[in-house]
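Trainee: Sequence first, then the predicted structure:
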Amino acid sequence: MPAPSSTAHVPTPRAGRYAKQLVSHMTRKITGAWDEDMGAGHLDFGDNRVSLTAEPGQLVLELSARAGDVERIEHVVGIHLARFGSRDGMVVAWRRADGTDGTTQTAPERSESAAPTE
């Protein structure tokens with residue numbers, strides 16, 4: 001398994017709920033698990049892994065991935081989580097192990113044209 005390469009600390013009072021939802025959704029296509037009692041789980045993307053830990057007031061995501069896969073996996077995991085937390089205005093901001101900023105995901109906003117008309 002590659003060394004840790006990126007981490008996101010996502011503020012939310014419902015860390016366990018969002019982690020469980022993310023793992024449940026993502027495991028339709030990849031392997032992963034969520035342990036409700038431990039408040040921890042993981043998502044496996046081949047040899048790459050995202051570890052999830054529900055802490056008071058935040059969900060911690062730790063990505064261990066090959067250099068060429070980091071940005072893609074940050075985006076895939078982050079955009080799904082941001083969409084699930086869109087009502088809470090969730091933002092997923094990754095920080096790389098070398099101290100540089102990673103990618104950031106937010107839920108797409110509904111445009112005026114997408115709003116229902118009467």
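Mentor: All right, it came through fine.
Trainee: Name the residues that touch stretch 44-59?
Mentor: 1-2, 9-13, 15-16, 18-19, 22-23, 30-32, 34, 39-43, 60-66, 69, 73, 76-77, 81 (CB atoms under 8 Å, 6 or more residues apart in numbering). (Glycine included, C-beta is placed from N, CA and C.)
Trainee: can you give me the helices for this protein?
Mentor: For the chain, the helices defined by DSSP state H occupy 15-26, 70-84.
Trainee: Redo those as TSV? Include mean neighbour count, distance to Arg49 and mean pLDDT.
Mentor: As requested, the helices of the chain are arranged in TSV below (neighbours: other CB atoms under 10 Å; distance: least, CB to CB, whole Å; pLDDT from 0 to 100):
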stretch	mean neighbour count	distance to Arg49	mean pLDDT
helix 15-26	18	12	96
helix 70-84	20	9	96
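Trainee: hmm, back to that, among the contacts of stretch 44-59, which lie within strands?
Mentor: 9-11, 31-32, 34, 40-43, 60-64 (DSSP state E).
Trainee: Any quick ChimeraX command for the buried ones out of those?
Mentor: Buried residues within the ones in strands among the contacts of stretch 44-59, by 16 or more other CB atoms under 10 Å, are selected in ChimeraX with:
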select :10,32,34,40,41,42,43,60,61,62,63,64
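Trainee: and the end-to-end length of stretch 22-32?
Mentor: 10 Å (CA to CA, to the nearest Å).
Trainee: is it possible to export the helices of the chain to JSON lines including distance to Val91?
Mentor: Listed next are these as JSON lines, based on distance: least, CB to CB, whole Å:
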{"stretch": "helix 15-26", "distance to Val91": "13"}
{"stretch": "helix 70-84", "distance to Val91": "7"}
